[in-house]
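Enquirer: sequence and predicted structure below; questions after.
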Amino acid sequence: MNDDEPGMVEESIASEASVAEADDNLRNMGVAIALCGILILFGGTTFAIWSVATEASSDYGDYNTSMKFGVQEAEIEFEGDGESDSETEDYDDAGDIEDFFNNLKIMLYVLVICGAALAYMGHSGEKMEFAPKVIAGAALVSVVILLYTFVVLPDAFEEETEFFEAADSDAGFYVNDDSDSDGVEITVKAMPSIGYFTAIVSLGLAGYLIKDRGITLKDITG
């Protein structure tokens, strides 16, 4: 019995060391980053990344049209003449818009993978030497998602629809233009939606980890 005690003590110490290597903060941040990507990917138009709307007002009535762009589909809503209607459409055969969202999906999957990897490292305590690179990767992918959406999506939408040209407005990610045509007052609005802000959250989480852990360029490239 006594002969077994040293082995049992060593096993206990090793087990405690393994637990000590786990990182709850890294695990929780990783789960949150992965969740951000999942919500944008599969949250439908509730987590739309961009929206465009027109409001037309004249002596004959008011008419409002809005479009919400989720990653998988777009929702189009119409209100006017006391009636309202809505429908959803996917991006099949949507040209530049379809290409944009296919590329965005790849980036979001990479973000989910980065978050899942961080969650695994934090939970298991394994592969922790790769954590700085994965954290930096999550931050970089988040930045690319935000910039890519800001720059490319409005132009892709305009290329396929000529929406802003028809409304006598400049294409842009954020637009709030008023115009008057033949007695009809038209307001054109374009703005980020909740999915875009969710990507900002993922960037904030990754940025927090970089600052909290004092990650430097040497940690990332070394």
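Expert: That came in fine, so what should we check first? Residues are numbered from 1 along each chain as shown.

Enquirer: got the contact list for V151?
Expert: Contact analysis of V151 by C-beta atoms under 8 Å, 6 or more residues apart in numbering lists F173. Every C-beta, even on glycine, is put in place using the N, C-alpha and C of the backbone.

Enquirer: what helix or strand is it on?
Expert: Assigned by DSSP states H and E, V151 belongs to helix 131-161.

Enquirer: show the pLDDT at the residue positioned nearest the centre of the chain.
Expert: Taking C-alpha atoms, centre = their mean, the centroid of the chain lies closest to A199, which sits 3.4 Å from it. Per-residue pLDDT puts A199 at 97.

Enquirer: likewise for I215?
Expert: In this prediction I215 is given a pLDDT of 86.

Enquirer: how about A20?
Expert: pLDDT for A20: 41.

Enquirer: give me the secondary structure label for K68.
Expert: Following DSSP: H, G, I helix; E, B strand; the rest coil, K68 is assigned to strand.

Enquirer: one step back: quick one: mean pLDDT for the helix holding V151?
Expert: The model assigns helix 131-161 a mean pLDDT of 95.

Enquirer: any stretches of this structure with poor pLDDT?
Expert: 1-20, 59, 61, 181-182 (pLDDT under 70).

Enquirer: repeat that with 50
Expert: 1, 8-20 (pLDDT under 50).

Enquirer: would you map the strands across it?
Expert: 50-58, 61-69, 73-80, 83-90, 175-181, 184-192 (DSSP state E).

Enquirer: quick one: Y109 and I38 touch, right?
Expert: No - using C-beta atoms under 8 Å, Y109 is not in contact with I38, being 9.8 Å away.

Enquirer: higher neighbour count, these two?
Expert: Neighbour totals were compared for Y109 and I38, and I38 leads with 18 against 14 (other C-beta atoms under 10 Å).

Enquirer: distance check, the residue nearest to the more buried one when sequence neighbours are not counted against L39.
Expert: Using C-beta to C-beta, 6 or more residues apart in numbering and skipping the chain neighbours, the partner closest in space to I38 is V112 (5.9 Å). From V112 across to L39, the span is 10 Å (C-beta to C-beta, to the nearest Å).

Enquirer: I'd say the residue nearest to the centre of the chain and L39 touch.
Expert: No - judged on C-beta under 8 Å, A199 makes no contact with L39 at a distance of 9.9 Å.

Enquirer: with that, I have no additional questions.
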